[in-house]
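> Sequence first, then the predicted structure, then my questions.
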Amino acid sequence: MFFVLAGILGLGAVGFSMHGQGGGVLYTPLQVLFGVEFHEAVVRSQWFTIVTSLSAVLVFRKARKVDWRLALVLESAGFAGAFVGGYCSRLFPAFALTVLLAALVVGAGFVMLGEFRPPVDLVKKKPWHWMRRFGAVEYRVNLAWGLPLAFLIGVTGGLTGAAGGFLKIPMMVRLFGMPIDIAFGTSAFMVSLTAAGGLTGHAAAWSIDWLEMFALSVFVAIGAQIGPHLTFRRTQQQMSRRFACYLFLIAAAVIVTLWVQPPV
């Protein structure tokens, strides 16, 4: 069963790394399906997310698709939220957390299908608006929205084992007007920090068995090196629609695992 789970996690890492995600949204229910206790699966999922995202970042960095400064600013809030969520996760029923996870993924998919774009005015701006120039494009980050949202996404990630890339990408693309390929690369780095916060929160509260987790993460790292190379072969619109469809598939997979093996 170890190699079956390892192979599935490795294949999952290919798809997640393509879309700037760490994979925790599916790593947790997959492990539950294989008989891993939910909260232990959440801890291991945080580690797999770190491995997936950092492995993918190596490829996105080479392609110049990571807004490092924005990622660090937003993750100052995201890391704190993830620590809180990770530390408090055992206070909530596993079933409820899994349902929450599926609902958020579906919601993010519908957001990505929409055509909403933030109003862009490069002259009139407020003190909490941060103008970013990345290559040939400009976008405006509303920190009054971005920091609280990053914190809440971090809390959700810490609770469920998902680092929240499926929420961060819609936030950056729809609210900030960031090109989706840069959002993928930036999110890949951000989710590694969120997952680190969640893992730290869990480690502060509970003991962790690292041996099997490290062994499985080898397969995850290999898959995560493949995915980003497939990302740059699509237009912005194609990537946005593909990401939305991908989220719906992930939500369906979470619901199936919830039905087959309800977490306890």
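That came through fine.
> any idea which helix or strand carries the residue nearest to M190 when sequence neighbours are not counted?
Excluding the flanking residues, the one nearest M190 by CB to CB, 6 or more residues apart in numbering is A71, at 4.7 Å. C-beta: built from backbone N, CA, C; applies to glycine. Following DSSP states H and E, one finds A71 within helix 68-88.
> how many degrees apart are the very next helix or strand once past that helix and helix 68-88 in direction?
Later in the chain than helix 68-88, the nearest helix or strand by DSSP H and E is helix 94-113. Relative orientation of helix 94-113 versus helix 68-88 (axes from the mean of the first three to the mean of the last three CA atoms, to 10 degrees): 160 degrees.
> Now tell me what touches helix 94-113 from outside.
25, 28-29, 32, 38-39, 89, 156, 159-160, 162, 166-167, 169-170, 173-174, 240-241, 243-245, 247-248, 250-251, 254-255, 258, 262-264 (CB atoms under 8 Å, 6 or more residues apart in numbering).
> Just the buried residues of those residues.
25, 28-29, 32, 38-39, 89, 156, 159-160, 162, 166-167, 169-170, 173-174, 240, 243-244, 247-248, 250-251, 254-255, 258, 263 (16 or more other CB atoms under 10 Å).
> Let's see which of those end up in helices.
25, 28-29, 32, 38-39, 156, 159-160, 166-167, 169-170, 240, 243-244, 247-248, 250-251, 254-255, 258 (DSSP state H).
> The helix or strand hosting G146 to helix 68-88, inter-axis angle?
Taking DSSP H and E as the definition, G146 sits inside helix 143-160. For helix 143-160 against helix 68-88, the angle by the same axes, to 10 degrees is 40 degrees.
> Name the nearest residue to L152, sequence neighbours excluded.
Nearest non-adjacent residue to L152, counting by CB to CB, 6+ apart: G81, 6.3 Å away.
> I misspoke; the intended subject was M239.
Nearest residue to M239 in three dimensions, chain neighbours excluded: I180, at 4.9 Å (CB to CB, 6+ apart).
> count of neighbours near that neighbour?
Around I180 there are 25 other residues, counting by other CB atoms under 10 Å.
> Might you report the residue contacts of it?
Going by CB under 8 Å, 6+ apart, I180 touches I169, V173, Q236, M239, S240, F243.
> And A41, by the same measure?
Y27, T28, P29, Q31, V32, G161, P263.
> Would you check how far apart it and G78 are?
Plainly put, A41 is 21 Å away from G78 if you go by CB to CB, to the nearest Å.
> W259 now?
Noted for W259: a distance of 31 Å to G78, by CB to CB.
> More neighbours: those two, which one.
With other CB under 10 Å as the criterion, W259 and G78 differ in neighbour count, and G78 comes out ahead with 32 against 8.
> can you pull the pLDDT of that one?
We have a pLDDT of 87 for G78.
> okay but it is in contact with A195, surely?
No - between G78 and A195 there is no contact under CB atoms under 8 Å: 9.8 Å.
> what is in contact with these two at once?
In contact with both G78 and A195: G157, using CB under 8 Å, 6+ apart.
> Name the residues of the strand or helix carrying Y139 that are buried.
Following DSSP H and E, the helix or strand that holds Y139 is strand 137-142. Buried residues in strand 137-142, counted by 16+ other CB under 10 Å: Y139, R140, V141, N142.
> who touches the first one in this structure?
Read it as Y139. Listed by CB under 8 Å, 6+ apart, the contact set of Y139 reads V120, M131, R132, F176, G177, M178, P179.
> who does it bridge with?
R132 (DSSP bridges).
> Can you tell me the closest non-neighbouring residue to the residue nearest to the spatial centre of the chain?
Nearest residue to the geometric centre of the chain (CA atoms, centre = their mean): G165, 2.4 Å. Computed as CB to CB, 6+ apart, the closest residue to G165 that is not its neighbour in sequence is Q21, at 3.6 Å.
> what's the neighbour count on the residue nearest to T160 when sequence neighbours are not counted?
Spatial nearest neighbour of T160, excluding adjacent residues (CB to CB, 6+ apart): L101 at 4.6 Å. Using other CB under 10 Å, L101 is surrounded by 27 other residues.
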